[in-house]
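Enquirer: Here is a sequence with its predicted model. Questions after.
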Amino acid sequence: MHIAIAGNIGAGKTTLTKLLAKHYKWEAQLEDVVDNPYLDDFYNQMERWSFNLQVYFLNSRFRQVLQIRQSGKDIIQDRTIYEDAHIFAPNLHAMGLMTNRDFENYSSLFELMESLVQGPDLLIYLRSSIPNLVKQIHKRGRDYENSISIDYLSRLNERYEAWIHGYTKGKLVIIDVDNLDFVDNPEDLGQVINTIDAEIHGLF
């Protein structure tokens, strides 16, 4: 079974991925942030490095999806291949931070990859307001994220909502995370698990 968690920067994807992996004894596939050679450069000079960064993420996630399907294990994935292509890359293009040529090249590559992979059995979307995202980003204190603007986060949020509204790849659970604290409040985590249980039982 392939479960994936989607959501904006700071929505709590990685945290929830780890908590659910532990609870269900699933294997966690986390986003490759530490080893990503482009992140620092990208946040310092978005226009120059946007294409490189997006291709790196696309390559990394395509490999992940192929491994997940081949493994035959129950795996929970932090962020999907679709978010790069439907949210991050088009947003950079719309903001003038990725050229038409690069965006067309990127989109063509994604379409090819998409034709070779299946969507997750269950997608969990973490919906968050901008103030909550900002709070969480500051709380974790990653240096390269200090320069992320509210405008950038708002644009991403709008694209997330549009993408989720038209999502047809499989089962979908939407969790509003603004008033949830699944780290320090076991009841909040329990509530999320109950919601997921109901959907998982429907998968079999």
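Expert: Looks like it arrived, so ask away. Numbers count the residues shown, from 1 in each chain.

Enquirer: And the residue nearest the centre of the protein?
Expert: residue 79 (2.7 Å; CA atoms, centre = their mean).

Enquirer: Next, the nearest residue to that residue once chain neighbours are set aside: secondary structure please.
Expert: Spatially, and ignoring its direct neighbours in sequence, residue 79 is nearest to residue 31 (5.2 Å; CB to CB, 6 or more residues apart in numbering). Backbone N, C-alpha and C define where each C-beta goes, glycine included. Under DSSP: H, G, I helix; E, B strand; the rest coil, residue 31 falls in the coil class.

Enquirer: ok, now residue 167?
Expert: Strictly by three-state DSSP, residue 167 counts as coil.

Enquirer: Relative to residue 186, how far out is the nearest residue in space to it that is not next to it in sequence?
Expert: Leaving aside its sequence neighbours, residue 167 sits nearest to residue 123 (CB to CB, 6+ apart; 6.8 Å). In this view, residue 123 and residue 186 are 24 Å apart by CB to CB, to the nearest Å.

Enquirer: Who has more neighbours out of these two?
Expert: Neighbours around residue 123 and residue 186, counted as other CB atoms under 10 Å, are more numerous at residue 123. The numbers are 23 against 11.

Enquirer: what about the more buried one, helix or strand, and which?
Expert: Using DSSP states H and E, the element containing residue 123 is strand 122-127.

Enquirer: Pull out the buried residues from that strand.
Expert: Across strand 122-127, burial judged by 16 or more other CB atoms under 10 Å covers 122, 123, 124, 125, 126, 127.

Enquirer: what pairs with that strand, and is each one parallel or antiparallel?
Expert: Strand 122-127 sits in its sheet next to strand 2-7 (parallel), strand 171-176 (parallel), going by DSSP bridges.

Enquirer: Go through those and name the closest to residue 26.
Expert: strand 2-7 (6.9 Å; CB to CB).

Enquirer: For the protein, give me the ranges with low pLDDT.
Expert: Confidence mapping of the chain against pLDDT under 70 gives the ranges 32-34, 144, 147, 202-204.

Enquirer: where along it do the helices fall?
Expert: Here the chain has its helices, by DSSP state H, at 13-24, 39-44, 46-71, 81-83, 89-94, 100-114, 130-140, 150-165, 186-201.

Enquirer: so of those, which one's packed in deepest?
Expert: Mean neighbours per residue, mean count of other CB atoms under 10 Å, is largest over the helices of the chain for helix 81-83, with a mean of 22.
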